[in-house]
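Trainee: Give me a model of this one.
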Amino acid sequence: MAFRPMRRTRQELSPAETEDILRRGADGVLAVLGDEGYPYAVPLNYVYKDGKIYFHCAKEGHKFDALMREPKVSFCVVERNDVIPDEFATYYKSAVAFGHARLLEGAEAERAVYDLGFKFNPVPEKVRAEVNKDLAHVACFEITIDHLTGKQAKGLLKPQ
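Mentor: Residues are numbered from 1 along each chain as shown. Predicted coordinates for the structure are as follows:
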């Protein structure tokens, strides 16, 4: 599939800058095909590692059902969104990924949960305790990115 090119190419971030947004972000918004064909967008914590996005959720519910029914997803991370009142604008940087989500099992799922834990808490004992407590109750997904774009506000562009 050919993805649409960005209209405002001057505002497009480089692949490296876009990946940096994914690396630094703590949360993003996952968009899936929800019930009755309605889009369903939900904020969640994630970790970006080795070019893939990992997250966990409950083993039942709207998000889980949607992911099992249709693996195509979109994921957005907004790095900054500073309101500039005098310009009636915001200065933002964001990344949008399109890809396919896959349910992880066994050692892959455990590794993803540990990676998530270490992103938010550097203490191995605490991460281990949390993983041991929750691993059996969560589903872990991996998003393989098919297309990734990044964009910034015009106000953040360097003068030419």
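Trainee: Do you have the strands of the protein handy? List them.
Mentor: Using DSSP state E, the strands of the chain run over 27-33, 39-45, 47-49, 52-58, 72-84, 89-104, 138-152.
Trainee: What are the buried residues along stretch 16-24?
Mentor: Judged by neighbour count (16 or more other C-beta atoms under 10 Å), stretch 16-24 contains these buried residues: T18, E19, D20, I21, L22. The way it works is simple: take the backbone N, C-alpha and C, and place the C-beta from them, glycine included.
Trainee: Can you lay out these as CSV showing pLDDT?
Mentor: Below are the buried residues of stretch 16-24 laid out as CSV (pLDDT from 0 to 100):
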residue, pLDDT
T18, 96
E19, 97
D20, 96
I21, 97
L22, 97
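Trainee: got the angle between the helix or strand of the chain with the lowest mean pLDDT and strand 138-152?
Mentor: Least confident helix or strand, the chain: helix 124-134 with a mean of 89, by mean pLDDT, DSSP states H and E. Computed with axes from the mean of the first three to the mean of the last three C-alpha atoms, to 10 degrees, the direction of helix 124-134 lies at 120 degrees from that of strand 138-152.
Trainee: which regions of this protein sit below the pLDDT cut-off?
Mentor: 1, 159-160 (pLDDT under 70).
Trainee: if you set the cut-off to 90 instead, what comes out?
Mentor: 1-11, 80-84, 86-92, 122, 124, 130-137, 153-160 (pLDDT under 90).
Trainee: and the strands of the chain as a markdown table, adding distance to K126 and mean neighbour count?
Mentor: Formatted as a markdown table, the strands of the chain follow (distance: least, C-beta to C-beta, whole Å; neighbours: other C-beta atoms under 10 Å):
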| stretch | distance to K126 | mean neighbour count |
| --- | --- | --- |
| strand 27-33 | 20 | 19 |
| strand 39-45 | 16 | 13 |
| strand 47-49 | 16 | 21 |
| strand 52-58 | 17 | 20 |
| strand 72-84 | 25 | 16 |
| strand 89-104 | 22 | 18 |
| strand 138-152 | 17 | 19 |
